[in-house]
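1. Sequence and predicted structure below; questions after.
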Amino acid sequence: MDRGYIYLNKKSFLHNLEVLKNLSRKELCLVVKANAYGHGLEWAVKNAKESGTKWFAVASVDEGIQVKKVYEESRVLLLAEPSKIQLENIKENDIDLTVYNESFIDTLIETGDEYSVHLKIDTGMHRLGCPPEKFYDLYKKIVDSDLNLLGICTHFPMADTDETETKKSIELFEKTISDIDSTNMLLHVDNSASTLYNLDNSFNMARVGIAAYGVQITAVENENELIPTMEIKTRISNLQVRKKGEAVSYGKAQRLSRDSIIATAPIGYGDGYPWNSFPDGKVIVNNQFCNLIGRVTMDQILFDVTDANVQIDDEVTVLGNSMDGKLNISVSDIAQWNETIEWEILTNMSKRLERVEVE
Ligand SMILES: Cc1ncc(COP(=O)(O)O)c(C=O)c1O
């Protein structure tokens, strides 16, 4: 090992997809934007294909093309209206579009091409989507054109924190589409959090991201066992003895409260390990937690191994389980130290760390 590895557990990933499929009884659309939440888009698509997943959601045309390169017959859904200069690329690669603005829909119709579209309704997120009162006109416009209306969708703002708010969005969605015949359409409203409690089978597809990667995020108690798919391990690359009162790393942010042995490991914010992990963060070495003891730098972290009896090249768990399986550092732990969300931690994991598949 030179710097560090991101270990991707195929078995856990397939297990999570199976859990989500069985629980929701809906077709899964795996969200693979942002390098499949840091896991590697190619890896996620290849393995999801094995599990029978056919639909993939992306945030850019480029990501959509990458999916098609791995799995030509897949269905790819772009989650937002693209810039018009991408239309040729979209047609060539047979990518489905999420639409909600009349002017964009007009542009698509004017091309005379048969784009497949999913009409998005804003049921409370207030980010993208047509207002419910404009839905019917846009719907009519699309079905009266050469466009293929394959789906209708929405997105929840509080699925991970507020079940009641989510139910309100669902009711508004159902009311908005109640006057049309949606029999052969894909109706997709759920993300990971709501998939774990919205078991309404009037919808037939769920767009799942974070749960597929094993992070349990939900507004309700849930005993479905999702298994984290990512672990990050590196090694001790340097050891030094420092005196009480000294401080290590940029800013000399923390004085040592005792004579200490300080280890360095070659991972830093340049790899996606977030800067704000210090001062609350820790790593695991030799089945023991070791606290970060100085600021995270671009390429290195420093931690206190005074009580851990370690040597250069010993394995350091940055994310995941200790060797004896008794200790764990989760994505949620790292998010908490950094006062951020799990999605940001995963999607920031850079390409500098080599990804290695394990079973
Ligand atoms: C429109 C849309 N649908 C689904 C998802 C998946 O969300 P999650 O990772 O919480 O499952 C996202 C994520 O950002 C999204 O933007």
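-> Received, thanks. Numbering: from 1, shown residues only.
2. State which one residue of the stretch 51-200 of the chain is found closest to the ligand.
-> When distances are taken as CB to the nearest ligand atom, the stretch 51-200 of the chain reaches nearest to the ligand at residue 192, 3.1 Å away. Any C-beta I mention is one placed from the backbone N, CA and C, and that applies to glycine too.
3. And the strands in the stretch 101-250 of the chain?
-> For the stretch 101-250 of the chain, the strands defined by DSSP state E, counting those that start in this stretch occupy 116-120, 148-153, 186-190, 205-208, 230-235, 238-242.
4. sorry, back to before: so for the residue of the stretch 51-200 of the chain closest to the ligand, what's the nearest residue that isn't a sequence neighbour?
-> For residue 192, ignoring the flanking residues on the chain, the nearest one in space by CB to CB, 6 or more residues apart in numbering is residue 211 at 3.5 Å.
5. State the distance from that neighbour to the ligand.
-> 6 Å (CB to the nearest ligand atom, to the nearest Å).
6. Does that residue touch residue 225 like I think?
-> No: with contact defined as CB atoms under 8 Å, residue 211 does not count as touching residue 225 (11.4 Å).
7. more neighbours, those two?
-> Between residue 211 and residue 225, counted using other CB atoms under 10 Å, the more crowded position is residue 211 (25 against 10).
8. Once you drop chain neighbours, what's closest to the one residue in the chain that gets nearest to the ligand?
-> Of all residues in the chain, the one sitting closest to the ligand is residue 209 (2.5 Å; CB to the nearest ligand atom). Of all residues not flanking residue 209 in the chain, residue 31 sits nearest, at 3.5 Å (CB to CB, 6+ apart).
9. Do I have it right that that neighbour meets residue 206?
-> No: taking contacts as CB under 8 Å, residue 31 lies outside contact range of residue 206: 10.0 Å.
10. which neighbours do these two share?
-> Overlap of the contact sets of residue 31 and residue 206 (by CB atoms under 8 Å, 6 or more residues apart in numbering) consists of residue 191.
11. How about the residues of the chain by the ligand?
-> 31, 79, 155, 191, 192, 193, 207, 208, 209, 210, 211 (CB under 6 Å from any ligand atom).
12. most neighbours, which of those?
-> Counting by other CB under 10 Å, top hit in the residues of the chain next to the ligand: residue 208 with 27 neighbours.
13. Any regions of the protein where pLDDT drops low?
-> 1 (pLDDT under 70).
14. any idea how it splits into domains?
-> Domain assignment for the chain by automatic domain parsing gives 10-208, 230-358.
15. want to throw the ones you listed into JSON lines with distance to residue 215?
-> Formatted as JSON lines, the domains of the chain follow (distance: least, CB to CB, whole Å):
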{"stretch": "domain 10-208", "distance to residue 215": "8"}
{"stretch": "domain 230-358", "distance to residue 215": "5"}
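16. Okay, the residue sitting nearest the centre point of the chain and residue 210: tell me how far apart.
-> Nearest to the mean C-alpha position of the chain, by CA atoms, centre = their mean, lies residue 37 at 3.6 Å. Noted for residue 37: a distance of 7 Å to residue 210, by CB to CB, to the nearest Å.
17. Which residues are in contact with each of these two?
-> By CB under 8 Å, 6+ apart, the residues touching both residue 37 and residue 210 are 343, 346.
18. what sits against residue 235?
-> 1, 4, 265, 266, 312, 313, 314, 315, 316.
19. ok, now with 7 Å
-> 1, 265, 313, 314, 315, 316 (CB atoms under 7 Å, 6 or more residues apart in numbering).
20. Can you tell me how far it is from residue 278?
-> Counting by CB to CB, the gap from residue 235 to residue 278 is 19 Å.
21. hmm, back to that, now do the contacts for the residue nearest to residue 192.
-> 16, 20, 192, 195, 217, 226 are the contacts of residue 211 under CB under 7 Å, 6+ apart.
22. So the last one sits against residue 213, correct?
-> No: with contacts defined as CB atoms under 7 Å, residue 226 does not count as touching residue 213, sitting 8.5 Å away.
23. Looking at those two, which is more packed in?
-> Remark: of residue 226 and residue 213, residue 213 carries more neighbours, 28 against 22, as counted by other CB under 10 Å.
24. show me what contacts the more buried one?
-> Contacts of residue 213 by CB under 7 Å, 6+ apart are 37, 39, 229, 230, 346.
25. Nearest to residue 149 among these?
-> Proximity of the contacts of residue 213 to residue 149 (CB to CB) peaks at residue 37, which lies at 29.2 Å.
26. Phi first, then psi, for that closest one.
-> For residue 37, the backbone dihedrals (degrees, to the nearest 10) come out as phi 50, psi 40.
27. Distance of the nearest residue to it once chain neighbours are set aside relative to residue 274?
-> Leaving aside its chain neighbours, residue 37 sits nearest to residue 346 (4.3 Å; criterion: CB to CB, 6+ apart). Taking CB to CB as the measure, residue 346 falls 11 Å from residue 274.
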